[in-house]
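Undergrad: quick one: sequence plus predicted model below, questions after.
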Amino acid sequence: MGKRVAVVLAGCGVFDGSEIHETSAVLVHLSRNGAEVKMFAPNIDQMHVVDHVKGSPTEETRNVLVESARLARGEIQDLTQLKVSDLDAVIFPGGFGVAKNLCSWAVEGKNCSVNDQVKSTLLAFHGAKKPIGLCCISPVLAAKIFPGCELTVGHDTNDDGRFPDSETAGAIQELGCKHVCKKVNETHVDEKNKIVTTCAFMCKAPLHEIFDGVGEMVQDVLKLA
């Protein structure tokens, strides 16, 4: 019997929602490994809507659940409907929507707050000792909620130009967590907290390398489940 995995989205699109390639990679690897997937998103307004051609905010207002439904092909539920007892694991793809809609990291950094539904979801999986998968920027959610946990967002320096957001690693450490440097095709597994992280688009890398790294995260999550 395949594992039952929740995938929590933050909208649709890298600059104001869930990163589409990361989400697709998560879903492909879960499918390949025979998992049963249920998708969720909070029923809230986005922080803002970004014109992905111009890269600048617009005057529109969009809903995170409604936009996430685009990625889920309509098969999605309000995050309030998630029942941890019905699931074996949870995975959060990355994208700026995580830092804008699921928490306020994009504007407040390590002083951010996490959406109440998102926080309660993560606490519930952690309390049930069920694995949590996080990629790209989404490990900051765990950094805020689980002091002392171990995470990766790639490297903590940008010596080769591949990790332009390397300062995030420092912020994670300032929150009392341990950052572990990893390559884009690698994961870090915090065995104690059952948290699996990989950097994905926090690294400037070819798409296939990001796809492979997300696949490693999915497999490690399923092993822990």
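TA: Perfect, I can see it now. Model, not experiment: these values are computed from the prediction.

Undergrad: any idea how far V184 lies from T198?
TA: To T198, V184 is 8 Å away according to Cβ to Cβ, to the nearest Å. C-betas here are computed from N, CA, C, even on glycine.

Undergrad: cool, G74 as well?
TA: When distance is defined by Cβ to Cβ, G74 is 28 Å away from T198.

Undergrad: again, but for T121
TA: 20 Å.

Undergrad: which one of the two is surrounded by more residues?
TA: Shown here are T121 and T198; by other Cβ atoms under 10 Å, T198 has more neighbours (32 against 25).

Undergrad: V53: neighbour count?
TA: 6.

Undergrad: OK, contacts around it?
TA: Going by Cβ atoms under 8 Å, 6 or more residues apart in numbering, V53 touches no other residue.

Undergrad: double-check that it belongs to a strand.
TA: No. Going by DSSP: H, G, I helix; E, B strand; the rest coil, the assignment for V53 is coil, not a strand.

Undergrad: report the buried residues of the longest helix seen in the chain.
TA: Longest helix of the chain, by residue count under DSSP state H: helix 207-224. Buried positions in helix 207-224, judged by neighbour count with 16 or more other Cβ atoms under 10 Å: 210-222, 224.

Undergrad: gap between the two ends of stretch 24-39?
TA: Stretch 24-39 stretches 12 Å from its first residue to its last (Cα to Cα, to the nearest Å).

Undergrad: now that stretch: how far from the chain's centre is it?
TA: In terms of Cα atoms, centre = their mean, to the nearest Å, the centre of stretch 24-39 is set 15 Å apart from its chain centre.
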